[in-house]
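S.K.: sequence unknown, structure follows:
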């Protein structure tokens, strides 16, 4: 029977167990996919810990790429042998997975399976953040937290492609190098200086048009303090923990600020929107305009180590589980 990682109880990385699961045949509108690689994302740790309550037991993992082994009744866009990628489907930490056709996207020639698996969820996130949540314009000053992480490296490149000036925050010299290679104009070592004060200095006291903050609790106050008048704080994650309740008057006092908490599902509500975002990302890879950094590959049996490394901030770029 196919092998998968399963969570039977919530908790730390130790609750990730390698087990044997029978996936079964694809149902109507489904693809049965042989998984080439599954992406490891911070949201997986929320499912594992119980921060985002889920029915148990569950197989984590929301994205991956592989080859279609079989199709269910009513499937029209794909056939066995096609290469596909997906994001938004639990169960991806597995050798085989059933994927709804509506969330699968074709992987073009020129994009390897591992790159497709590494790109889709974080790439779609970076795409909607910079194109839709706050549409970056030529000359905008933009603060990107955790710029050497998987999402941060992609977001930095996409902001630069739209003419924005990226001010990146990182915690080590190695991560500073990666952020600069991705195109960051300025890099702040938040382990050495107050990033809000430094952001103000780098913008002549004005502040930035937008802060993309996937860190959460530890950066929230400084992110608000980094914004220009009528600037927007885009809080898209909580790597350091959830942000406590906020008094809306803080937005008034800070300069009529905007605060939003976007999530991917609201930015791929239609198949056309999903195909548009994924298509632009894949084309950018084919053209050489977007580089996807794979930081580390782990076998399924080392899912626990992958989570420990991710939460311990010992990683750069994207982490993959490779069955």
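M.R.: Received, thanks. Here the structure is a predicted model, which is why all the values come from computation and not from measurement.
S.K.: in this protein, which residue is closest to the centre?
M.R.: Nearest to the geometric centre of the chain sits residue 122, at 2.7 Å (C-alpha atoms, centre = their mean).
S.K.: which SSE is it in?
M.R.: Residue 122 is part of helix 113-128, with elements assigned from DSSP states H and E.
S.K.: Which strands or helices does that helix pack on?
M.R.: strand 30-40, strand 63-71, strand 83-87, helix 150-161, helix 271-287, strand 294-298, strand 318-321 (3 or more C-beta pairs under 8 Å, 6 or more residues apart in numbering; DSSP states H and E). The C-beta positions use only the backbone N, C-alpha and C, and glycine is treated the same way.
S.K.: residue ranges with poor pLDDT in the stretch 1-150 of the chain?
M.R.: Along the stretch 1-150 of the chain, segments meeting pLDDT under 70 span 1-2.
S.K.: is it fair to say residue 18 lies in a helix?
M.R.: No: according to DSSP: H, G, I helix; E, B strand; the rest coil, residue 18 belongs to no helix; its state is strand.
S.K.: burial count for the closest residue to it other than its chain neighbours?
M.R.: Closest residue to residue 18 apart from its sequence neighbours, by C-beta to C-beta, 6 or more residues apart in numbering: residue 301 at 5.1 Å. Neighbour count of residue 301, defined by other C-beta atoms under 10 Å: 13.
S.K.: do residue 77 as well
M.R.: 15.
S.K.: Surely residue 265 touches residue 88?
M.R.: Yes: assessed by C-beta atoms under 8 Å, residue 265 is found in contact with residue 88 at 6.8 Å.
S.K.: out of the two, which sits in the more crowded spot?
M.R.: The neighbour comparison of residue 265 against residue 88 (other C-beta under 10 Å) goes to residue 88, with 18 against 9.
S.K.: Now do the contacts for the more buried one.
M.R.: 62-63, 103, 121, 264-265, 268 (C-beta atoms under 8 Å, 6 or more residues apart in numbering).
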